[in-house]
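# sequence isn't available, so here's the structure alone:
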Ligand SMILES: [Fe+2]
């Protein structure tokens, strides 16, 4: 597994250079403007619950790796509720017509974020080998560590400004994401355990492919979130008129 973990670290370094992570931490920008991407993240925050429950978890199992994955899914599959809490506390829990909400969630502005969810589902459901599922989770966790350390800084700045506590955007969230599969062991024990797993040549090649696909898809999502932040403000975090709606109107 060492070769796979090495690739994850290499991809992590490239991933961490994406502009969004600098933007989230940039003290020259109002913290509220730095969170204008939050609605665009909804498909991922909510789908992650289902990914854990329906694609990564496999019960019952006698496989110790799958057992570890199952434990992990119960922790990571609950964080969507923190995202909702933060949306409420940020006062961007706006009333929208149901059709507007659907157009937004399945619209152009969120398409790469949805695509990430589809990629993760497709990858997870097509792996019967728990070691390959582990490669998916390890890649997700490392992207999470990069994003959450920037979000922890943003959460702290928001907290000072608004005098409210945040959950998804918080050091607390970063603290529960170890950067490894959370199977009930310490970070060091998990690290040693993973490094000592021996993969066959075929498993290694498949796992490397998985790592690249997960990072490519997260990269697209993060670029979309940055585009969204560039084109929306905290005062108006949802599109006024949806592109697909505009397109529909022009074709009637
Ligand atoms: Fe999380």
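Nice, thanks for sending it over. Because the structure is predicted, anything quoted here is derived from the model rather than measured.
# in the top helix by length along the chain, what's buried?
In terms of residue count, the longest helix belonging to the chain (DSSP state H) is helix 130-162. Going by neighbour count (16 or more other C-beta atoms under 10 Å), the buried part of helix 130-162 is 130-159. Backbone N, C-alpha and C define where each C-beta goes, glycine included.
# host element of residue 60?
When elements are assigned from DSSP states H and E, residue 60 belongs to no helix and no strand.
# swap in residue 5?
Assigned by DSSP H and E, residue 5 belongs to helix 2-15.
# what's next to that helix, contact-wise?
135, 138-139, 142-143, 145-146, 194-195, 199, 204, 207-208, 211-212, 215, 218-219, 222 (C-beta atoms under 8 Å, 6 or more residues apart in numbering).
# just give me how far that helix sits from the chain centre.
Centre-to-centre, helix 2-15 and its host chain are 17 Å apart (C-alpha atoms, centre = their mean, to the nearest Å).
# helix 130-162 and that one, what's the angle between them?
Put simply, helix 2-15 runs at 30 degrees to helix 130-162, going by axes from the mean of the first three to the mean of the last three C-alpha atoms, to 10 degrees.
# and helix 2-15, average pLDDT?
Per-residue pLDDT over helix 2-15 has a mean of 97.
# equivalent analysis for stretch 40-49, please.
Stretch 40-49 comes out at a mean pLDDT of 98.
# mind listing what's buried along it?
Neighbour count says stretch 40-49 has 40-45, 47-49 buried, by 16+ other C-beta under 10 Å.
# where do the helices sit along this structure?
2-15, 19-25, 42-50, 64-76, 80-89, 98-105, 111-125, 130-162, 171-176, 187-195, 201-231, 243-251.
# roughly how far apart are residue 85 and residue 27?
According to C-beta to C-beta, to the nearest Å, residue 85 and residue 27 sit 24 Å apart.
# whoops, residue 9 was the one
28 Å.
# cool, residue 170 as well?
Residue 170 is 18 Å from residue 27, by C-beta to C-beta.
# more crowded one of the two?
residue 170 (21 against 9; other C-beta atoms under 10 Å).
# give me the nearest residue to the more buried one, chain neighbours excluded.
Once flanking residues are discounted, residue 170 sits nearest to residue 155: 4.2 Å by C-beta to C-beta, 6 or more residues apart in numbering.
# ok, that neighbour touching residue 171?
Yes. Assessed by C-beta atoms under 8 Å, residue 155 is found in contact with residue 171 at 6.8 Å.
# quick one, what contacts residue 164?
With C-beta under 8 Å, 6+ apart, residue 164 has these contacts: 89, 158.
# apply 7 Å and report the result again.
The neighbours of residue 164, taking C-beta atoms under 7 Å, 6 or more residues apart in numbering as the test, are residue 89.
# for it, grab phi and psi.
Here is the backbone geometry of residue 164 (degrees, to the nearest 10): phi -120, psi 150.
# ditto for the one 3 residues further on
Phi and psi for residue 167, reported as degrees, to the nearest 10, are phi -110, psi -50.
# just give the number of residues close to residue 52.
The burial count for residue 52: 24, using other C-beta under 10 Å.
# go on, residue 193?
Around residue 193 there are 16 residues (other C-beta under 10 Å).
# for it, give its distance to residue 2.
Counting by C-beta to C-beta - residue 193 and residue 2 are separated by 12 Å.
# so who does the closest residue to residue 135 other than its chain neighbours touch?
Among residues not flanking residue 135 along the chain, residue 207 sits closest, at 4.0 Å (C-beta to C-beta, 6+ apart). Residue 207 makes contact with 4, 132, 135, 199, according to C-beta under 7 Å, 6+ apart.
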